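J.: okay, here's the prediction I keep looking at, along with the sequence it came from:
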Amino acid sequence: MAYRMIKTEADPILRKHSRIVTEFDARLARLLDDMRDTMYKANGVGLAAVQVGILKRAVVLDCTEDKSGYLELVNPEIIASDGEQKEAEGCLSIPGRGGITCRPMHVRVKAQDRNGKPFEVEGEGLLARCFCHEIDHLDGILFRDKLAEGESMYETEG
């Protein structure tokens, strides 16, 4: 179990594009395990590799209250989306700040698992928002860039 330091908004790495993962090896497995441990320790619902300083297209998520919905997505891509939700969003890389974003209500993602096996997964509501948020990180986009029209950042508790 290893925890990694979460990069904050001031770090320019968060604005960089992550590279496609081509090697599905022990190093990737260790990164995913460390990301999972780091996300849970920070009480997050998602974490992208770039947030721990690694420019690889990998994310971990668990948007369930009981932490039973853990997912790993390597080289994720949104292949379909529909609907709309306007909800509060936050980010482990922008601690103490939140904002209202407009995201799709339903999202379908294709990705690979830690062994390179392709799969597809769908999400609605919070899970759809998490997919969008974490995949945006892989392209150097922060949730503050996706604030709904007329919305601004605000202070949050914690």
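T.: Sure thing, it's come through.

J.: is residue 59 in a helix, a strand, or coil?
T.: The three-state label given to residue 59 by DSSP: H, G, I helix; E, B strand; the rest coil is strand.

J.: wait, isn't it in contact with residue 137?
T.: Yes. Under the criterion of C-beta atoms under 8 Å, residue 59 makes contact with residue 137 at 7.2 Å. The C-beta positions use only the backbone N, C-alpha and C, and glycine is treated the same way.

J.: what is in contact with these two at once?
T.: Taking C-beta atoms under 8 Å, 6 or more residues apart in numbering as the contact rule, residue 59 and residue 137 both touch residue 48.

J.: which one's more surrounded, those two?
T.: residue 59 (30 against 22; other C-beta atoms under 10 Å).

J.: got a list of what that one touches?
T.: Here residue 59 is in contact with 35, 46, 47, 48, 49, 72, 73, 76, 134, 135, 137, 138 (C-beta under 8 Å, 6+ apart).

J.: for the chain, longest helix please?
T.: Longest helix in the chain, counting residues (DSSP state H): helix 26-41.
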